[in-house]
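Peer 1: after the sequence you'll find the predicted model.
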Amino acid sequence: LVGVEQWLRDHAVEAVWSEEASALLPPASRTVVDPARMPADLDLVLVLGGDGTLLAMAKAIAEAGSDIPLLAVNFGSLGFLTEITRPEIYTSLEAVLNGRASHDERMMLRAVATRAGVTSTHLALNDIVFTRTALSRMIDLAVWVGDQFVMSVRADGLIVASPTGSTAYNLA
């Protein structure tokens with residue numbers, strides 16, 4: 001991370017850091033922002049982590065109602081979604097700054113679940129899983145897409161995957 005921070009300074013890129021990322025760096029003067037507030041004023045989010053870090057940031061951006069590009073670098077062990085490797089960080093950043101980077105637009109999922117009169121909403125880039133509790137054997141699900149009824153099903157659970165999630169399942 002120290003090298004990335006220095007590269008950003010050398011290229012006059014104004015950076016903000018999550019508290020977690022800042023804690024991994026030597027003490028210095030830097031702007032630290034809560035990830036939930038990050039999407040408000042950013043042009044690009046550089047995600048340094050694994051797929052879980054990318055998914056969490058994509059969710060935070062969607063919850064903020066923003067549409068900010070993510071540049072995800074695989075710092076984890078598996079990287080189905082974080083395609084850029086550590087040695088490619090600087091080349092990728094150069095391509096972004098010079099307007100030579102291409103990008104994919106990804107669909108987000110929004111699920112609204114109602115159980116016993118309690119409604120909850122969830123956002124995800126990859127998938128949303130509806131599953132039974134530890135004490136139940138099966139669950140009864142009524143599936144709707146918008147106002148359109150799709151099906152009723154009695155099952156152990158249901159996975160609703162976006163194209164991103166279904167691709168990751170196939171790669172796994």
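Peer 2: Cool, got the structure.

Peer 1: and the spatially most central residue of the chain, what does it touch?
Peer 2: Geometric centre of the chain, nearest residue: Leu55, 2.3 Å, by CA atoms, centre = their mean. By CB atoms under 8 Å, 6 or more residues apart in numbering, the contact list for Leu55 reads Leu81, Ala124, Leu125, Asn126. In this view, the C-beta of every residue, glycine as well, is placed from N, C-alpha and C.

Peer 1: just the buried residues out of the residues you listed, in ChimeraX syntax.
Peer 2: Here is the ChimeraX command that picks out the buried ones among the contacts of Leu55, judged by 16 or more other CB atoms under 10 Å:
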select :81,124,125,126
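
Peer 1: now name the helix or strand holding Arg154.
Peer 2: Assigning secondary structure by DSSP states H and E places Arg154 in strand 148-155.

Peer 1: not counting that strand itself, show me its contacts.
Peer 2: Contacts to strand 148-155, defined as CB under 8 Å, 6+ apart, come from residues Met138, Ile139, Asp140, Leu141, Ala142, Val143, Trp144.

Peer 1: now the first one. Nearest residue, chain neighbours left out?
Peer 2: This points to Met138. Ranked by CB to CB, 6 or more residues apart in numbering and with sequence neighbours excluded, the top spatial neighbour of Met138 is Arg154, at 5.3 Å.

Peer 1: how about the fourth one?
Peer 2: Ranked by CB to CB, 6+ apart and with sequence neighbours excluded, the top spatial neighbour of Leu141 is Val153, at 5.1 Å.

Peer 1: quick check: buried residues in the top helix by length along the chain?
Peer 2: Ranked by number of residues, the top helix in the chain under DSSP state H is helix 51-63. By 16+ other CB under 10 Å, the buried positions in helix 51-63 come out as Asp51, Thr53, Leu54, Leu55, Met57, Ala58, Lys59, Ala60, Ile61, Ala62.

Peer 1: dump these into JSON lines; add pLDDT as well.
Peer 2: As requested, the buried residues of helix 51-63 are exported to JSON lines (pLDDT from 0 to 100):
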{"residue": "Asp51", "pLDDT": "87"}
{"residue": "Thr53", "pLDDT": "87"}
{"residue": "Leu54", "pLDDT": "90"}
{"residue": "Leu55", "pLDDT": "90"}
{"residue": "Met57", "pLDDT": "88"}
{"residue": "Ala58", "pLDDT": "90"}
{"residue": "Lys59", "pLDDT": "90"}
{"residue": "Ala60", "pLDDT": "87"}
{"residue": "Ile61", "pLDDT": "87"}
{"residue": "Ala62", "pLDDT": "88"}
